[in-house]
Structures are given as structure tokens and as C-alpha cells.
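**Q** Give me a model of this one.
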Amino acid sequence: MTDESGLFELRTVKPAAIRCRRGRLVAPPHVHFSLFGKVWLQRLVTQMYFPGEPLNAQDRILNAVPDAAARDSLIARPIAPTGKPSNALVFEHQIVLRGRAATPEQK
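**A** So this is what the prediction gives:
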């Protein structure tokens, strides 16, 4: 659940790139999200990518989004850590469920 202003904080480890069975890297690090709005039928499935990952340029799912601005909205923005540990990697990622600025759906 989000707070009153729609914010939610997630703490996790940064995932690694995905390898195929032969060991070749096939997908950049990313986090899957499945979000529900105020009603059950209002659902968004999407992914968050990390900036600077070489595999972002080759990822078929990310690059299936034709609009460059929409595609860029799927890549998190690094921000300075405000808590502990002070050397944590911290990213900001905004997800919009509906409207003109809605986050692209990815399945």
C-alpha cells in the first residue's frame, strides 16, 4: 500500500543480469512490478531497469516500447542515499497507473 501521497519504499538487493543455460547474458538487471489501482481490474504489469546497464540497449522487452520518453521512464534514476548504509545504491522510480503519463505496460 502507498502512503497518502502515493509513495512506496522498496528495499531489496539489485538483481544480476539474467543468463541463459549456456551462460550467455540475455537480459539486463530489472525488477518486475504488478500493481493494482483502486479497483481490481485496474492493474499494471511493468518492469524497472537500472541506468548504465549495457544490456538495456539489447533488451527486447524494454525496446518494444516505441516512444523514447516512455522507454526512458522505465529506467530508474540514481539518487543520493539519505539513510543507512550511506554507501547504498538508491534509485527513484515513478510508476503512473493511468493518464497521459502512464507507465508502459510490459508482460
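**Q** Count the residues that sit near residue 73.
**A** Counted with other Cβ atoms under 10 Å, residues neighbouring residue 73 total 21. Glycine gets a C-beta too; all of them are placed from N, C-alpha and C.
**Q** And residue 33, by the same measure?
**A** The burial count for residue 33: 15, using other Cβ under 10 Å.
**Q** show me the contacts for the nearest residue to it once chain neighbours are set aside.
**A** Excluding the flanking residues, the one nearest residue 33 by Cβ to Cβ, 6 or more residues apart in numbering is residue 46, at 5.3 Å. By Cβ atoms under 8 Å, 6 or more residues apart in numbering, residue 46 lies in contact with 32, 33, 35, 74, 95, 103, 104, 105, 106.
**Q** Out of the residues you listed, the closest to residue 56 would be?
**A** When the contacts of residue 46 are ranked by distance to residue 56 (Cβ to Cβ), residue 74 comes first, at 9.3 Å.
**Q** partners of the residue nearest to the closest one when sequence neighbours are not counted in the sheet?
**A** Among residues not flanking residue 74 along the chain, residue 49 sits closest, at 5.5 Å (Cβ to Cβ, 6+ apart). Residue 49 has these beta-bridge partners by DSSP bridges: residue 30, residue 75.
**Q** So for the chain, the centremost residue is which one?
**A** Residue closest to the average C-alpha location in the chain (Cα atoms, centre = their mean): residue 48, at 1.1 Å.
**Q** Neighbours of residue 76, how many?
**A** Count around residue 76 with other Cβ under 10 Å applied: 19.
**Q** Which of the helices or strands spans residue 61?
**A** According to DSSP states H and E, residue 61 maps onto helix 60-63.
**Q** What's the separation between the spatially closest residue to residue 29 that is not a sequence neighbour and residue 24?
**A** Leaving aside its chain neighbours, residue 29 sits nearest to residue 15 (4.7 Å; criterion: Cβ to Cβ, 6+ apart). Residue 15 sits 17 Å away from residue 24, going by Cβ to Cβ, to the nearest Å.
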